[in-house]
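**Student:** here you go, sequence then predicted model.
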2 protein chains.
Amino acid sequence: MKLDESPIKPKQVGKVFNIDGVNLSTISSGVKYKNRDDLLLITFNEGSVVAGVFTKSTTASEAVNWCKNNINNDNLRAVIVNAGNANVFTGQNGKKAVQKIVLEVGKNLKINKNQVLIAQTGVIGEPLEYFKILKCITKLTRNLKSNNWIKGAQAIMTTDTFPKYSSYSYSYNESNIYITGISKGSGMIAPNMATMLSFISSNINISKKMLQSLLEELSEETFNSISVDSDTSTSDTVILSCTGKSENITIKNKNNKHYTKFKDALRKVLKDLALQIVRDGEGASKFITVKVSGKESKKDLKIIAFSIANSPLVKTALAAEDANWGRIIMAIGKTNLNVNLKKLKISIGDNLITLNGKRYDRYNENKVSKYMENDEIEIFVDLGGKNNEVTVWTCDLTHKYIDINGNYRS
Amino acid sequence: MKLDESPIKPKQVGKVFNIDGVNLSTISSGVKYKNRDDLLLITFNEGSVVAGVFTKSTTASEAVNWCKNNINNDNLRAVIVNAGNANVFTGQNGKKAVQKIVLEVGKNLKINKNQVLIAQTGVIGEPLEYFKILKCITKLTRNLKSNNWIKGAQAIMTTDTFPKYSSYSYSYNESNIYITGISKGSGMIAPNMATMLSFISSNINISKKMLQSLLEELSEETFNSISVDSDTSTSDTVILSCTGKSENITIKNKNNKHYTKFKDALRKVLKDLALQIVRDGEGASKFITVKVSGKESKKDLKIIAFSIANSPLVKTALAAEDANWGRIIMAIGKTNLNVNLKKLKISIGDNLITLNGKRYDRYNENKVSKYMENDEIEIFVDLGGKNNEVTVWTCDLTHKYIDINGNYRS
């Protein structure tokens, strides 16, 4: 099945910055796809620090298990990624596949296998013909180049309809800092500590411990704030590597002046990558932002936001451009969290929908219906008392989602 | 939009038993639907005991709030139901509507308003034109008959494509016991203490306290074990009334010989009504049974069973008759409950799919694909150690679900 490009594909960055010390290479292994690259190797120079977050699924892939066991190692130097087979629930063969692949990568790069990370995405439960991958690794390691980011983004696609990449740069203290990342979606997307594959690099000089804590914090408000279909993948992996090649700048602690600047820049890239996944959500025709504010904890606000974002009834109404806001009321209620209905203000775009525990007196259905025709819809839910606010992003639920998931073994 | 009858409509009982002391009446109020009855009154004789379970939604309807406040009253004598407007999030007007309706019913039946229960189903957030209902009540109370159960089932339908009713009888101690009930679905169905409307009556003689506890227990394994779309309604209501007219039999405690017999019979009727709701799930083309067994608590087993039953990826694969069992692995993992993958046995129908932490060696995809063409699909998940078992029921996710929910303000 050939998929058309998502109608809500975003404008992507024109310029993709290379990261000095990071090289990429892609190749076609033929595991599943024909006539396209499906294998990606990324290497980082010696002295890089690497952080990662992974799916919390208890049926996680062998690749995720390997990464969880090795992410705390110093001197991580490479990550290898294959698309088309997730190597999940594949027993001893699956474990062996991971061992063989990281060993072969290590041998070719003259590093230890424990310095190699691995990510795999695709169908679950099919035995992986890993010898097809092993055969490619020598060639893969010979073609490493710093300007292969977009090719890398293409090689990891599954039901994605466009490659996802983001790049950002700024100057500080006479040094240029660059951040470049790629990611892939597009189904089985629900927030649970990284919900897809993403690989990001920067030339910043930062400690491993700080980088890990920063990645965890920012993942919460980016990758863990998106949902396509409420299903959590067994393979979710985010790897962030920093080469330390930035001159004059070292981030040693959170009071370091540069920390906030780097954090803001990194947030931009992670958010951009996360939102591209939503914009390529399976069957998506609309990009939906759900903001929830109130005196409740951020955790509770997020439960409500995702209850709205994941509701099939809300999502099908959005697809049909129907201002059926009663379903938002339902989705709030089904969380079983107590809300003061009299204080509840719901807006769709600029249109206030509810006030004082009922439909707003000047509610104008025609105006809201007109707004619903947009490609991008914003839903605001104010529970009263604006102490906290969370934002999550999702897409609508369309016929195409059903077509894709009836036809593709993902 | 005119909906075709569900392709998986069940065989329904031929004989519907009247319950001596229970009378029903229906009428067309014109609140939303044209040319059909949409208002139902059920009355119980003096001396009846009544139990109820209701949605746990925190945005529950005014009708649910009224019932929760009054369900413990003795001498409940009637329930009035309207379809087409759920009277949810309708502010003071909504509260007033409930007050006026129960008062008018009480006046006509010469009972107190606190002896009248109310249930409402339909669109959320629209002001209810309750005067249209008030106008009908005198006529409604004049047409009460004991053989109006099927007409009652028809009057409470919304997106339902067939009326749902069930009836059962048995003899014990020279007395005939009858149980008859009706229910309606069909979307916004997810388990959270009764997930739709259902009204059941029996002539058994039982205490109010025992009846309430029995209804709560049996709801857990019937109404609270079904899901159509994981969305929980704001209006869910189950009312069980017993007239006490059975001769020679009084159930006084759980050791009473007749208790188990009545419980088994009542379970049959509740389960039949619950499964009819699944079989009329919006857009359903297949009826799915998910059984999960293991040494885990029933609560945890149910979380896993519903994670499978509610997964959009599992449901779309089922609709496409695709034996994509990897998505079952995903759905188990996303619960974050620990499972021993090596002990995990998954079967679809009679076909063993997984063994020893991987796909079963003799897995035959063609045979499973053939099985997937059936209207009724059974999925068995054995986590190892068969101490506990739960069963939940659901339907597939089809294009028709999207059509219905893009076109119907439910």
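**Tutor:** Nice, thanks for sending it over.
**Student:** and the helices in the stretch 101-250 of chain A?
**Tutor:** Counting by DSSP state H, counting those that start in this stretch, the stretch 101-250 of chain A forms helices over residues A:130-134, A:137-142, A:149-155, A:208-221, given from the N-terminal end onward.
**Student:** quick one, which of the ones you listed gets closest to chain B.
**Tutor:** Evaluated with Cβ to the nearest Cβ, the helices of the stretch 101-250 of chain A place helix A:130-134 nearest to chain B, the distance being 14.2 Å. In this view, the C-beta of every residue, glycine as well, is placed from N, C-alpha and C.
**Student:** and the pLDDT at A:Ser233?
**Tutor:** pLDDT for A:Ser233: 66.
**Student:** in the stretch 301-410 of chain A, where is pLDDT below threshold?
**Tutor:** Applying pLDDT under 70 to the predicted model, the residue ranges of the stretch 301-410 of chain A that meet it are A:407-410.
**Student:** can you give the distance of stretch A:65-84 from its chain's centre?
**Tutor:** In terms of Cα atoms, centre = their mean, to the nearest Å, the centre of stretch A:65-84 is found 17 Å from the chain centre.
**Student:** returning to what we had before: what's the most buried one of the helices of the stretch 101-250 of chain A?
**Tutor:** Ranked by average neighbour count under the criterion mean count of other Cβ atoms under 10 Å in any protein chain shown, those are headed by helix A:149-155 at a mean of 22.
**Student:** what does it contact?
**Tutor:** Residues from elsewhere that reach helix A:149-155, judged by Cβ atoms under 8 Å, 6 or more residues apart in numbering or on different chains: A:16, A:18, A:24, A:26-27, A:36-40, A:42, A:81, A:83, A:163-165, A:167, A:180, A:182-184, A:199.
**Student:** now it: how far from the chain's centre is it?
**Tutor:** Shown here is helix A:149-155, whose average C-alpha point lies 15 Å from the average C-alpha point of the whole chain (Cα atoms, centre = their mean).
**Student:** please apply the same query to stretch A:96-116.
**Tutor:** Centroid separation between stretch A:96-116 and its chain, computed with Cα atoms, centre = their mean, is 26 Å.
**Student:** got it, and stretch A:153-162?
**Tutor:** With Cα atoms, centre = their mean as the basis, the distance from the averaged C-alpha position of stretch A:153-162 to the chain average is 13 Å.
**Student:** how about stretch A:110-129?
**Tutor:** Averaging C-alpha positions (Cα atoms, centre = their mean) puts stretch A:110-129 19 Å from its chain's average.
**Student:** same question, stretch A:19-27
**Tutor:** 20 Å.
**Student:** which stretches of the stretch 251-400 of chain A form strands?
**Tutor:** Taking DSSP state E, counting those that start in this stretch as the test, the strands found in the stretch 251-400 of chain A are A:287-294, A:345-348, A:351-352, A:354-355, A:358-359, A:376-382, A:388-395.
**Student:** so can I have JSON lines of those strands showing mean neighbour count?
**Tutor:** Rendered in JSON lines, the data for these read as follows (neighbours: other Cβ atoms under 10 Å in any protein chain shown):
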{"stretch": "strand A:287-294", "mean neighbour count": "22"}
{"stretch": "strand A:345-348", "mean neighbour count": "19"}
{"stretch": "strand A:351-352", "mean neighbour count": "20"}
{"stretch": "strand A:354-355", "mean neighbour count": "20"}
{"stretch": "strand A:358-359", "mean neighbour count": "20"}
{"stretch": "strand A:376-382", "mean neighbour count": "19"}
{"stretch": "strand A:388-395", "mean neighbour count": "22"}
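**Student:** separation between A:Thr396 and A:Lys370?
**Tutor:** If you look again at residue A:396, you'll see it is Asp, not Thr. Using Cβ to Cβ, to the nearest Å, one gets 17 Å for the distance from A:Asp396 to A:Lys370.
**Student:** more neighbours: which of the two?
**Tutor:** When A:Asp396 and A:Lys370 are compared on other Cβ atoms under 10 Å in any protein chain shown, the one with more neighbours turns out to be A:Asp396, at 25 against 14.
**Student:** that one contacts A:Glu282, doesn't it?
**Tutor:** No - counting by Cβ atoms under 8 Å, A:Glu282 is not a contact partner of A:Asp396; they are 11.0 Å apart.
**Student:** low-confidence ranges, the stretch 101-250 of chain A, go.
**Tutor:** Across the stretch 101-250 of chain A, the ranges flagged by pLDDT under 70 are A:186-195, A:229-233.
**Student:** please repeat the previous calculation with a cut-off of 50.
**Tutor:** Under the criterion of pLDDT under 50, the regions of the stretch 101-250 of chain A flagged as low confidence span A:191-195.
**Student:** show the buried residues in the contacts of helix A:149-155.
**Tutor:** Buried members of those, counted by 16 or more other Cβ atoms under 10 Å in any protein chain shown: A:16, A:18, A:24, A:26-27, A:37-40, A:42, A:81, A:83, A:163-165, A:167, A:180, A:182-184, A:199.
**Student:** give me the contact list for stretch A:93-102.
**Tutor:** A:61-63, A:65-66, A:80, A:87-88, A:90, A:113-114, A:116-118, A:127-128, A:130, A:133-134, A:137, B:358.
**Student:** what residues of it count as buried?
**Tutor:** Within stretch A:93-102, the residues that count as buried by 16+ other Cβ under 10 Å are A:94, A:97-98, A:100-102.
**Student:** what is the nearest of those to chain B?
**Tutor:** Once Cβ to the nearest Cβ is applied, the member of those that ends up nearest chain B is A:Gly94, at 7.3 Å.
**Student:** got the phi and psi for that closest one?
**Tutor:** Recorded main-chain torsions at A:Gly94 are phi -70, psi -40, according to degrees, to the nearest 10.
**Student:** near chain B at all, stretch A:352-370?
**Tutor:** Yes - part of stretch A:352-370 sits close enough to chain B to count as contact by Cβ under 8 Å from any Cβ of the partner chain, namely A:354, A:356-359.
**Student:** count of residues packed around A:Asp350?
**Tutor:** Burial measure for A:Asp350: 10 neighbouring residues, criterion other Cβ under 10 Å.
**Student:** how about it, what does it touch?
**Tutor:** Taking Cβ under 8 Å, 6+ apart as the definition of contact, the neighbours of A:Asp350 are A:Tyr371.
**Student:** repeat that for 10 Å
**Tutor:** Contacts of A:Asp350 were listed using Cβ atoms under 10 Å, 6 or more residues apart in numbering or on different chains, and they are A:367-368, A:371, A:378, A:380.
**Student:** against A:Ile8, how distant is it?
**Tutor:** Taking Cβ to Cβ as the criterion, A:Asp350 is separated from A:Ile8 by 21 Å.
**Student:** for the residues of stretch A:352-370 next to chain B, which one is nearest chain B?
**Tutor:** Compare each of those with chain B using Cβ to the nearest Cβ and the shortest gap goes to A:Lys358, at 3.0 Å.
**Student:** does the closest one touch B:Pro127 like I think?
**Tutor:** Yes - using Cβ atoms under 10 Å, A:Lys358 makes contact with B:Pro127 at a distance of 7.8 Å.
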